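Undergrad: Whatever this is, show me its structure:
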Amino acid sequence: MDYPLLNAFWTMCLIFLWVLWLILLFRIIGDIFRSRDLNNWAKTGWLILVIVLPFLGVFIYVIARGHGMSEREVAQAERQQKQLQAYLKETVATGDAGGGHADALAKLADLKKHGDITDEEFQKAKAKILA
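TA: Residues are numbered from 1 along each chain as shown. Presented below is the predicted three-dimensional model:
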C-alpha cells in the first residue's frame with residue numbers, strides 16, 4: 001500500500017534538513033573567513049576539509065571551534081554597529097549644519113523681503129550665519 005501523505009511529509013523533512021545543513025555550511029565558511037585568530041594556512045586547511053568532506057568537515061569544525069563562532073559573530077555585529085553609528089553621526093552633523101544654515105538664511109531673506117530688517121542688518125546676520 002502506498003502512503004502519499006507520508007512520502008510528502010518525509011520529503012519535506014529531508015528538504016528541511018538539507019536547507020538547515022546548507023545554512024550551517026555557509027555560516028561555517030563565513031566564520032572561517034571572519035576568524036582573526038587563524039592564519040591563512042589554517043583557514044585553507046579548514047576550507048579544504050569543509051569542501052572535500054562536507055558533512056564530516058562541518059561536524060569537526062563545530063566540535064573544534066563552535067564555541068567561538070557566536071563570539072566572532074557578536075564582535076562582527078558590534079563593529080558594524082559602530083561603523084553605522086559613526087556614519088550616521090557624520091551624516092546627521094553635516095545635514096543639520098547645511099539645513100540649519102539654509103533655514104536661517106531663508107528666514108533672514110523673509111525678514112528682509114517684508115521690510116523688518118534693513119539690507120545692512122541682513123548682510124551682518126548673513127555673515128554671522130555663514131561664519
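Undergrad: where do the helices sit along this structure?
TA: Secondary structure of the chain, counting by DSSP state H: helices at 4-34, 40-52, 54-114, 119-130.
Undergrad: so where's the chain shaky on pLDDT?
TA: Counting by pLDDT under 70, the chain contains low-confidence residues at 1-2, 93-100.
Undergrad: Need the residue closest to the centroid of it.
TA: Among the residues of the chain, the one closest to the centroid is residue 80, at 5.4 Å (CA atoms, centre = their mean).
Undergrad: For residue 116, grab the count of nearby residues.
TA: By other CB atoms under 10 Å, the residues close to residue 116 number 11. Where C-beta positions appear, they are placed from N, C-alpha and C, glycine not excepted.
Undergrad: same thing with residue 103?
TA: Residue 103 is flanked by 11 other residues according to other CB under 10 Å.
Undergrad: The one 5 residues further on now?
TA: One way to gauge burial is a neighbour count; for residue 108, by other CB under 10 Å, it gives 19.
Undergrad: Now do the contacts for it.
TA: By CB atoms under 8 Å, 6 or more residues apart in numbering, the residues touching residue 108 are 117, 122, 125-126, 129.
Undergrad: how far away is residue 111 from residue 125?
TA: Between residue 111 and residue 125 the distance is 9 Å, computed by CB to CB, to the nearest Å.
Undergrad: what is in contact with the two at once?
TA: With CB under 8 Å, 6+ apart as the test, residue 111 and residue 125 both reach residue 117.
Undergrad: Residue 32: neighbour count?
TA: Residues within reach of residue 32, counting by other CB under 10 Å, total 19.
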